[in-house]
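> Below is the structure, and that's it, no one-letter string:
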């Protein structure tokens, strides 16, 4: 972009008749004007050949973040500990987190978080479900295509702005103050570029690799829950009624014990005046 440099040089030439002070002021104004002109040019519409063709919605590849959670019931947890890393490696992924609990006297359980390529996501879920009995399976999908495209466009615009600021910096002369101002603006633009590139890299990683969270608990004689039948429903209702009655009785006993000291104090407080009044009446008679 030569317009900034030409404008800057022209102002210096016109200011030559005004002496060194006028030349310095004009140079500073020319530099500021060049920076403002660069910013305005980036905000205005760019030519078609500079922007590049806009992505067509039909040809645009969707960017989707896939997540899944699977809860398994297994007979032998040590077997799953061996099979899980092999299965993840077989599908081209890696384990991001592993946690296994073997506390004595408690139910053994494990937790794994796997990152799997998106094209093998469904196959991996099916294979994991075969390692035990899947009590729960949950999948989510978040479309981030719009944010992805917006970040790419903003990064491209910021990089063009960076190049133009560098051109202005090369033609800024020897004024230290002006050079510092341009370098400060250049550092701000580069910082914004780094932030957007970091976010773009994060989205790229999340869309290329899915996240699968697997939890497993060890149950030796596990029986899947069945829908209760009529007789079973009657028995369950009877048990619930007895349980509620037992809880009610316990609450009554606890409330009575809690209230007994207060009733004792209130009884003494009421009996004493009555006894005193009765005694005076008998004395008068």
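Happy to help now that I have it. Computed from a predicted structure; not experimentally measured.
> Can you classify residue 97 by secondary structure?
strand (DSSP: H, G, I helix; E, B strand; the rest coil).
> in the helix or strand where residue 203 lies, what counts as buried?
Assigned by DSSP states H and E, residue 203 belongs to helix 176-208. Using 16 or more other Cβ atoms under 10 Å as the test for burial, helix 176-208 gives 178, 181-182, 185-186, 189, 193, 196, 200, 203, 206-207. Using the backbone N, CA and C atoms, a C-beta is placed for each residue, glycine as well.
> what do you get for stretch 115-133?
115-116, 121, 124-125, 128, 131-133.
> ok so, going back, least trustworthy position among the buried residues of helix 176-208, going by pLDDT?
Of all these, residue 178 carries the smallest pLDDT score, 79.
> what separates that one from residue 166, distance-wise?
Residue 178 sits at a distance of 15 Å from residue 166 (criterion: Cβ to Cβ, to the nearest Å).
> Can you name the element that comes right after the helix holding residue 203?
Following helix 176-208 in sequence, per DSSP H and E, is strand 209-218.
> Distance from the chain centre to that next one, please.
Distance, stretch centre to chain centre, for strand 209-218: 18 Å (Cα atoms, centre = their mean, to the nearest Å).
> Next SSE downstream of that strand?
helix 230-284.
> avg pLDDT for that next one?
79.
> which parts of the helix or strand containing residue 147 are buried?
Applying DSSP H and E as the criterion places residue 147 in helix 145-170. If you call a residue buried by 16+ other Cβ under 10 Å, then helix 145-170 has these buried ones: 145, 148, 151, 155, 158, 160-162, 164-165, 167-169.
> wait, which of those residues is closest to residue 61?
residue 145 (8.0 Å; Cβ to Cβ).
> which one is that closest one nearest to, not counting chain neighbours?
In space, and not counting its chain neighbours, residue 145 is closest to residue 63: 4.5 Å by Cβ to Cβ, 6 or more residues apart in numbering.
> so where is the stretch 51-200 of the chain shaky, pLDDT-wise?
51-60, 103-106, 172-174 (pLDDT under 70).
> okay but residue 182 is in contact with residue 168, surely?
Yes: between residue 182 and residue 168 there is a contact at 6.0 Å, judged by Cβ atoms under 8 Å.
> Which parts of the stretch 1-150 of the chain are strands?
64-74, 94-101, 109-117, 133-143 (DSSP state E, counting those that start in this stretch).
> Now distance to residue 237 too, for those strands, in CSV please.
What follows is these, written out as CSV (distance: least, Cβ to Cβ, whole Å):
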stretch, distance to residue 237
strand 64-74, 28
strand 94-101, 37
strand 109-117, 33
strand 133-143, 26
